[in-house]
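1. Here is the input, now give the coordinates:
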Amino acid sequence: MGIQGYSAAERLERLPISGYHRLIFIIIALAFFFDSMDLAMMTFLLGSIKAEFGLSTAQAGLLASSSFFGMVLGASLSGMLADRFGRKPVFQWSIVLWGLASYLCSTAQTIEMLTLFRILLGIGMGMEFPIAQSMLSELIPAKGRGRYIALMDGFWPIGFVAAGILSYFLLPIVGWRDIFLVLAVPAVFVLAIRFIIPESPRWLEQAGHHDAADKVLLRIEERVRASLNRLDLPQPIRLPRIAIHPVTFFSAFRELWSPLYRQRTMMIWSVWFFALLGFYGLTSWLSALLQQSGFAVTQSVYYTVLISLGGIPGFLMAAWLVERWGRKPVCIVTLLGGGIMAFFYGQSAVFGGNVSLLIGSGLLMQFFLFGMWAVLYTYTPELYPTSARATGSGFASAIGRIGSLLGPVVTGMVFPITGQGGVFALGAMCFAIAAAVVWLFGMETRGKTLEELSEVVAG
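-> Numbers count the residues shown, from 1 in each chain. This is a model prediction of the structure:
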């Protein structure tokens with residue numbers, strides 16, 4: 001319980017959105033941005049690495065998938081660690097790990113070492129994503145929670161575009177090793193996180209650290225007052241009281257499968273799996289389809305980056321709509337829209353690689369799919385209580401990364417049989433299945449506090 005008998009949630013939810021909230025958002029979103037750059041960079045550097053080490057197509061594919069394997073491990077572990085030991089330390093160490101791993105990638109002298117370092121990089125990135133979701137969802141009041149988390153996810157397509165631009169200008173000059181070295185530098189943001197980003201008061205209270213939660217809340221309230229240049233804050237409003245119980249390393253995972261959360265877990269795991277199976281199965285073929293349509297490699301990189309620009313208005317639109325329409329309808333619309341546009345993108349090959357159809361459908365496909373990402377990152381942490389929020393987000397992400405690993409493999413098996421049109425039709429079907437799961441089993445979370453969504457009140 002906090003000062004005057006109010007809980008951490010009641011004190012956080014009554015705060016107006018301020019410059020302090022936006023500062024927290026910017027720091028977390030920048031970490032997300034640099035993670036995105038590191039992951040996306042392999043799309044643009046793989047050709048140079050393949051040539052230097054003399055890799056076969058199979059070896060190059062294994063290297064490209066290694067980060068996703070690491071992300072499965074990182075996402076699975078980080079959620080349980082964060083629910084047991086706190087959000088802030090796990091978030092800090094995830095950034096240190098991917099920064100160190102990016103540096104090690106620049107030193108790799110064999111393909112085996114490079115693959116190992118990319119796995120380590122993936123572990124760091126896999127750890128960071130679900131923790132970022134949980135931290136923002138627990139620090140931003142309900143009235144702005146969806147918008148800010150959706151905007152955070154928008155730093156993903158911006159990071160992809162930035163990776164393409166960086167490689168386009170630097171790769172001919174410095175080579176792929178120095179690019180990995182440059183990407184290691186942003187890990188210094190961990191210093192800013194240590195001094196500016198607070199531990200989640202919700203987590204501290206749930207873990208029984210009431211005095212620590214009160215101290216963090218007092219600092220947050222002071223920063224909000226200073227940011228708004230006002231002495232008073234709104235009076236807290238009573239919220240449902242969540243049952244507090246000790247969190248162990250495995251208790252959070254068991255809670256995901258308790259009667260209250262079992263359907264939510266099955267729903268969100270299915271959506272993440274099919275959405276990422278389709279997304280990464282298709283994005284692995286974006287450049288290849290352009291090259292097979294007669295474009296040079298440099299042109300294919302340019303058009304791939306151009307198509308990715310469609311994701312920027314996509315996540316901005318999703319960030320607005322999740323607070324107007326709600327999470328569930330926006331998730332369904334973006335999945336279906338992405339599936340339809342993916343089908344037309346694949347059919348462009350049937351029409352002789354028509355450039356207008358290729359670029360137009362590609363832009364709209366990324367518009368919807370990055371909108372889908374924004375909704376998923378907003379929706380997932382809202383489905384679970386504080387005691388299992390990071391674990392729920394982490395395992396949903398991990399299941400999705402299994403889809404990421406399988407996507408390129410499945411498309412590689414389907415392509416010789418059905419051609420490019422069949423590959424993208426299969427991706428469209430994956431998005432349609434995910435949309436159907438949300439429509440049938442999803443719940444709406446817009447405008448509700450995390451405590452109201454947990455539904456477990458203290459007796």
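2. ok now the helix or strand hosting Ala184, how far from the chain's centre?
-> Assigning secondary structure by DSSP states H and E places Ala184 in helix 176-184. For helix 176-184, the separation from the chain centroid amounts to 22 Å (computed by C-alpha atoms, centre = their mean, to the nearest Å).
3. what's the next secondary structure element after that helix?
-> Following helix 176-184 in sequence, per DSSP H and E, is helix 189-196.
4. Show me what that following helix packs onto, helices and strands only.
-> Judged by 3 or more C-beta pairs under 8 Å, 6 or more residues apart in numbering; DSSP states H and E, helix 189-196 is in contact with helix 19-53, helix 87-107. (Each C-beta comes from the backbone N, C-alpha and C, glycine too.)
5. and those helices as JSON lines, adding mean pLDDT and distance to Gly326?
-> Putting the helices and strands packed on helix 189-196 into JSON lines (pLDDT from 0 to 100; distance: least, C-beta to C-beta, whole Å) gives the following:
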{"stretch": "helix 19-53", "mean pLDDT": "85", "distance to Gly326": "21"}
{"stretch": "helix 87-107", "mean pLDDT": "90", "distance to Gly326": "26"}
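6. Generate JSON lines for those helices, with mean neighbour count and distance to Phe370 as supplementary columns.
-> Converted to JSON lines, these look like this (neighbours: other C-beta atoms under 10 Å; distance: least, C-beta to C-beta, whole Å):
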{"stretch": "helix 19-53", "mean neighbour count": "20", "distance to Phe370": "11"}
{"stretch": "helix 87-107", "mean neighbour count": "21", "distance to Phe370": "21"}
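7. of all these, which lies closest to Val182?
-> Closest to Val182 of these, according to C-beta to C-beta: helix 87-107, at 8.7 Å.
8. quick one: average confidence on the helix or strand just after the closest one?
-> Tracing the chain past helix 87-107, the next element assigned as helix or strand by DSSP H and E is helix 111-139. The average of the pLDDT scores along helix 111-139 is 90.
9. Over to stretch 307-318?
-> 87.
10. Same check on stretch 355-367?
-> The model assigns stretch 355-367 a mean pLDDT of 83.
11. Using CSV, write down the CA coordinates of it.
-> Coordinates of the C-alpha atoms in stretch 355-367 are reproduced here as CSV (Å, rounded to 0.1, in the frame of the first residue of the first chain):
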residue,chain,number,x,y,z
VAL,A,355,6.8,-2.5,-60.8
SER,A,356,3.8,-0.4,-59.9
LEU,A,357,1.9,-3.4,-58.5
LEU,A,358,5.0,-4.6,-56.8
ILE,A,359,5.8,-1.3,-55.0
GLY,A,360,2.2,-0.3,-54.4
SER,A,361,1.1,-3.6,-52.9
GLY,A,362,4.4,-3.9,-51.0
LEU,A,363,3.9,-0.4,-49.4
LEU,A,364,0.3,-1.3,-48.3
MET,A,365,1.4,-4.7,-47.1
GLN,A,366,4.0,-3.1,-44.8
PHE,A,367,1.5,-0.4,-43.8
